[in-house]
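Peer 1: generate coordinates for the sequence data below:
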Amino acid sequence: TLPDDVSELADRWILSLYNRTVLQVTQSLDAYRFDEAARGLYDFVWSAYCDWYVEMAKVRLNGNDAKAREQVQSILCVVLEGTLRLMHPIAPFISEALWQTFPHEGDALIVADWPTHDDLWLNDTAEREMAQLQEVVGAVRNIRGTMRIPPGKRVDVVFKTTSSETESILSAAQHYVKELARIETLTIGADVARPSQSASAVVGDTEVFVPLAGVIDLDVERQRLEKEIGGLEKAVGGLEKKLGNDAFLKNAPAEVVETERARQIEYQTTLAKLQENLAILAE
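Peer 2: Numbers count the residues shown, from 1 in each chain. Sure thing, here's the model as predicted:
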């Protein structure tokens, strides 16, 4: 059974996605859209449960807080047991074999009750906040991969953000971020200084810096920034041409024009930050 108090972001997020998956898979099967049901299950199991939640759960599973460890174990089991029920029409043999290893009621999965979703567990806020964490973790991982930093090596990271909301989200979940991105020391704030000779990325309102001095070849980072800047300059040029076309402005729906203008501003802002980062590396 689920714990009475589910306050951890990771727990609220996975329970929200699980209930959305139950609803989506049920509707797809009712409509004989077996492809949609299979895709929904695949995305949830691999992209959410395995890639993210299990990795985040390890923080508490390996910790010294027995209550926290028990809570995450309960959620891991509840979600996986329910997911096996959803999988049974598509993968009956493996789901039955796995389900038999869990505490369960009844003799066989094939006659077990079908899962039902609960709207009370749907949590847009948790999903939005988790998406932010995934983006910044992904940015650090991309830098590590691009710069060929050894997977087991922990690095210092700085997050600079002008949003107090983002700073609060990242600070509250930094124990997850540090583990997922293999970070030794994490600094978060609006006025933090950019470390010298550091790789960088821009994620929404957050700048990500990974100091590289003594770790990698700085020339490679300069080349990466130059390539990214070139791609953004091309994208900005294309948007400027489109938004300068009177025919487009006259014939396109207003919401499409506004979307393109928003993209233009976003790209221009990101481009300016990347150009600034390149200039700092060139010093």
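Peer 1: the host helix or strand of residue 84: which residues count as buried?
Peer 2: Element membership of residue 84 [criterion: DSSP states H and E] is helix 66-87. By 16 or more other C-beta atoms under 10 Å, the buried positions in helix 66-87 come out as 71-72, 75-76, 78-87. All C-beta atoms are positioned from the backbone trio N, CA, C, and that covers glycine.
Peer 1: tell me the helices and strands packed up against it.
Peer 2: helix 9-30, helix 34-42, helix 55-61, helix 92-99 (3 or more C-beta pairs under 8 Å, 6 or more residues apart in numbering; DSSP states H and E).
Peer 1: possible to save the buried residues of helix 66-87 as a markdown table with pLDDT?
Peer 2: A markdown table is the format used below for these (pLDDT from 0 to 100):
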| residue | pLDDT |
| --- | --- |
| 71 | 93 |
| 72 | 94 |
| 75 | 94 |
| 76 | 95 |
| 78 | 92 |
| 79 | 95 |
| 80 | 94 |
| 81 | 93 |
| 82 | 94 |
| 83 | 96 |
| 84 | 95 |
| 85 | 95 |
| 86 | 96 |
| 87 | 96 |
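Peer 1: which one of the residues you listed is nearest to residue 32?
Peer 2: When those are compared for distance to residue 32 (C-beta to C-beta), residue 86 wins out at 16.0 Å.
Peer 1: nearest spatial neighbour of that closest one, skipping sequence neighbours?
Peer 2: The shortest distance from residue 86 to any non-neighbouring residue, by C-beta to C-beta, 6 or more residues apart in numbering, is to residue 25 (5.0 Å).
Peer 1: tell me the predicted confidence for the one you found.
Peer 2: pLDDT recorded at residue 25 is 97.
Peer 1: distance check, it against residue 49.
Peer 2: Counting by C-beta to C-beta, to the nearest Å, the gap from residue 25 to residue 49 is 14 Å.
Peer 1: ok, the nearest residue to residue 119 once chain neighbours are set aside - contacts?
Peer 2: In space, and not counting its chain neighbours, residue 119 is closest to residue 19: 7.5 Å by C-beta to C-beta, 6+ apart. The contact partners of residue 19, by C-beta atoms under 8 Å, 6 or more residues apart in numbering, come to 117, 118, 119, 121, 122.
Peer 1: tell me the contacts of the residue nearest to residue 86?
Peer 2: By C-beta under 8 Å, 6+ apart, residue 25 lies in contact with 37, 40, 41, 86.
Peer 1: from those residues, pick the one nearest residue 206.
Peer 2: residue 40 (30.0 Å).
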